[in-house]
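Q: just a sequence and a predicted model for now, questions to come.
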Amino acid sequence: MTESVLPEPGRRRSRKRRSGCLPVMLVALLFGAIVAWFARGAISDVKDMFAGPEDYAGPGAGAVTVVIDPGQSIRSMGDRLEGLDVVASSDAFVDAAGKNAKSQSIQAATYQMKKQMKAADAVAFLADPKNAGAGNTVTVPEGARVGQIVDAIEKKTDFTEKRTTDLLANPASIGLPAEAAGNPEGYLYPATYEINDRTTPKSLLSQMVAQTAAAEKDLGITAGARKAWA
């Protein structure tokens, strides 16, 4: 009678144990890869968080005309400079202005600046009164009356008072809307306007009226609402 040889008890169990470990190891490796992927993204986000806003290295190149309006905020200046590619980001300009006490004395004027400047350099440039083009701009202050605006135009340009008042007396020539009923009061937008060789009394007044219309459109002010508000 032949004796049957039984396998050793431990062998089959050890094979099963080894084959059962493989899926677990694969899952662990996959999980580790996913964690590493997300960790890399998180580290990158943290680095970006502490790196500060985007900024150019400077010193910049080319030329661009920048108009700073009366009462314009630092944030608004930054937005305008970013739009003109003078600075890489408005945030960088705001941060640089916060570190420069002279930024609070930036004048409303026209400036000839470079593109892609370092934000700190842009702030320093604007804060230097020597860089303000005082001779080639007309500033309409907030709340100025028509008579005061006419005086400012006469002082800053070669335009005569008579020529300016004649245009104001002919509202259609400068684009004054019908609801103004011929009265330009409140329709000459407060801002700083650049004067160059192509500027005429008509184009200057028309620009002021157009600025008012654009601002009211942005704010959603209708003709009826303007009358009620006035």
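A: Happy to help now that I have it.

Q: when you work out contacts or count neighbours from here on, use the C-alpha atoms and nothing else.
A: Noted.

Q: where does the prediction get shaky in the chain?
A: 1-22, 24, 27-28, 33, 35-51, 133-135, 221-230 (pLDDT under 70).

Q: ok, which stretches of it are strands?
A: Per DSSP state E, the chain carries strands over the ranges 61-67, 110-115, 137-139, 192-194.

Q: what count of nearby residues applies to residue 99?
A: 11 (other Cα atoms under 10 Å).

Q: contacting residues around residue 92?
A: Contacts of residue 92 were listed using Cα atoms under 8 Å, 6 or more residues apart in numbering, and they are 52, 53, 54, 55, 119.

Q: could you measure from the residue nearest to it when sequence neighbours are not counted over to residue 203?
A: Once its chain neighbours are removed from consideration, residue 92 has its nearest residue in residue 53; the separation is 5.3 Å (Cα to Cα, 6 or more residues apart in numbering). Taking Cα to Cα, to the nearest Å as the measure, residue 53 and residue 203 are separated by 39 Å.

Q: circling back to that earlier point, among the strands of the chain, which is nearest residue 220?
A: Nearest to residue 220, of all these, is strand 192-194, at 23.2 Å by Cα to Cα.

Q: contact partners for the most centrally placed residue in the chain?
A: Ranked by distance to the mean C-alpha position of the chain (Cα atoms, centre = their mean), the top residue is residue 79 at 1.5 Å. Residue 79 is in contact with 89, 90, counting by Cα under 8 Å, 6+ apart.

Q: what about it, distance to residue 169?
A: Taken as Cα to Cα, the span from residue 79 to residue 169 is 37 Å.

Q: repeat for residue 159
A: Here the criterion is Cα to Cα. By it, residue 159 lies 16 Å from residue 169.

Q: leaving out the residues flanking it, which one is nearest to residue 55?
A: According to Cα to Cα, 6+ apart, the nearest residue to residue 55 is residue 88 (4.9 Å).

Q: pretty sure the one you found is touching residue 56, no?
A: Yes. Contact criterion Cα atoms under 8 Å: residue 88 and residue 56 qualify, at 5.7 Å.

Q: between the two, which contacts overlap?
A: When contacts are counted by Cα under 8 Å, 6+ apart, the set common to residue 88 and residue 56 consists of 116, 117, 118, 119.

Q: give me the subset of those lying in helices.
A: The helices, defined by DSSP state H, take in residue 119 from the shared contacts of residue 88 and residue 56.

Q: now do the contacts for the residue nearest to residue 55.
A: With Cα under 8 Å, 6+ apart as the criterion, the residues that contact residue 88 are 54, 55, 56, 82, 116, 117, 118, 119.

Q: who wins on neighbours among these?
A: Neighbours were tallied for each of the contacts of residue 88 (criterion: other Cα under 10 Å), and the maximum of 30 neighbours falls on residue 119.

Q: quick check: closest non-adjacent residue to that one.
A: Using Cα to Cα, 6+ apart and skipping residues adjacent in sequence, the residue nearest residue 119 is residue 93, 4.9 Å away.

Q: that neighbour is in contact with residue 123, isn't it?
A: Yes. Counting by Cα under 8 Å, a contact exists between residue 93 and residue 123, whose distance comes to 7.0 Å.

Q: the spatially closest residue to residue 65 that is not a sequence neighbour: neighbour count?
A: In space, residue 65 comes closest to residue 112 once its chain neighbours are excluded; the distance is 4.8 Å by Cα to Cα, 6+ apart. Neighbour count of residue 112, defined by other Cα under 10 Å: 16.

Q: list the contacts for residue 112?
A: 63, 64, 65, 66, 131.

Q: which among those count as buried?
A: Buried residues within those, defined by neighbour count using 16 or more other Cα atoms under 10 Å: residue 66.
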